[in-house]
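S.K.: Quick one, what's the 3D model for this:
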Amino acid sequence: MLAAARALQARVYHFHDPELLLIALFLRRGGAKVVYDSHEDVPRSLLSRDWVPLPLRRLLSAVLETFENFVTRRLSAVVGATPHITARFARLNPRSVTINNFPLDSEIQDAVEPSGQARAVCYLGGIGRIRGVMEMIRALEHVDA
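M.R.: Model prediction:
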């Protein structure tokens, strides 16, 4: 991945995936501008990932946070998908901004065709245990839709 990125000879690289932070660091040390776009608080989210063995979650979370902090201090900028995420990174890198990762009601109001049903429910995004599908199903028991 690093070789492919370097071959591009780009002036700016924009990363979304924390597993690519080491590559981002090397590109930054090579003089490129590098932006990390964080969509979630990965160290905290690891604490609830079923695929990580329970005894390893805290350790892995702490190691990842330490590494993520080390790298983001050295990057050109950090984009947080929510104010909470941005606040975490702003302590490390003053060039941190929030670009919300969700639609505003005013943006979709005119773009959505009414379904014809007054009490319809719509979900946008991936569906799975990690995205809270079980909680959504349980919540629907309390919705008249």
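
S.K.: And the lowest mean pLDDT element among the helices and strands of this structure?
M.R.: Least confident helix or strand of the chain, by mean pLDDT, DSSP states H and E, is helix 105-108 with a mean of 68.

S.K.: Val35 sits in which helix or strand?
M.R.: Following DSSP states H and E, the helix or strand that holds Val35 is strand 33-38.

S.K.: Tell me the secondary structure at the nearest residue to Leu46 once chain neighbours are set aside.
M.R.: Excluding the flanking residues, the one nearest Leu46 by Cβ to Cβ, 6 or more residues apart in numbering is Ser61, at 4.5 Å. To be clear about C-beta, it is placed using only N, CA and C from the backbone, and glycine gets the same treatment. Under DSSP: H, G, I helix; E, B strand; the rest coil, the three-state class of Ser61 is helix.

S.K.: How about the residue positioned nearest the centre of the chain, nearest residue that isn't a chain neighbour?
M.R.: Geometric centre of the chain, nearest residue: His39, 1.3 Å, by Cα atoms, centre = their mean. Counting by Cβ to Cβ, 6+ apart, Ala81 is the residue found nearest to His39 once chain neighbours are left out, at 4.6 Å.
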